[in-house]
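Enquirer: The following block contains a protein sequence and its predicted model.
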Amino acid sequence: MKNLLKIVSIAALTLSVSAFAADKEVTLTGEGKCAKCALKKSDTCQNALEVKNKDATKVYYLTGDVSKAFHGELCTKTKNVKVVGVASEVDGKHMIAVSKIEAVK
């Protein structure tokens, strides 16, 4: 019984550490677009970042007040942007809680 308790405790600790490590701060550069107007992937306006990596393209949905304040720059046009924030995955979607966003050339 003691061994079973040890195994369950170790498994729970391992799962909690791996879940914590999944959310990490990242800096990404790509094309900033509106998820509704440009990408047609949302029912409401929301910033999104398309990052092209060789032959694959990944879409990150940007969240938070910093992203919302920048939305006027992306709703009707596409811009190259640099985003800093905490990346996570929610319901199979890549998300970034933005702490900084700026246009780049």
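Expert: Yep, it's here.

Enquirer: could you show me where the strands are in this structure, in order?
Expert: Ranges of strands in the chain, per DSSP state E, are 24-34, 47-53, 56-63, 79-90, 93-103.

Enquirer: Just name the shakiest helix or strand of the protein by mean pLDDT.
Expert: Averaged element by element with mean pLDDT, DSSP states H and E, the chain has its least confident helix or strand at helix 2-22 (a mean of 44).

Enquirer: next one: phi and psi at Q46?
Expert: Main-chain dihedrals, Q46, degrees, to the nearest 10: phi -160, psi 140.

Enquirer: ok, now which ones touch it?
Expert: 34-36, 61-63, 67, 71 (C-beta atoms under 8 Å, 6 or more residues apart in numbering). Just so you know, the C-beta spots here come from the backbone N, C-alpha and C atoms, and that holds for glycine as well.

Enquirer: cool, S88 as well?
Expert: By C-beta under 8 Å, 6+ apart, the residues touching S88 are 22-23, 94-97.

Enquirer: Make a PyMOL selection of the buried ones in those residues.
Expert: Selection of the buried residues among those in PyMOL, burial being defined by 16 or more other C-beta atoms under 10 Å:
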select buried, resi 94+95+96+97
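
Enquirer: For N47, state which of the contacts of S88 is nearest.
Expert: Nearest to N47 among these, counting by C-beta to C-beta, is I96 at 9.3 Å.

Enquirer: is the closest one in a bridge, and if so with what?
Expert: For I96, the beta-bridge partners under DSSP bridges are L62, A87.

Enquirer: Verify the stated contact: it with V59.
Expert: No: with contact defined as C-beta atoms under 8 Å, I96 does not count as touching V59 (10.7 Å).
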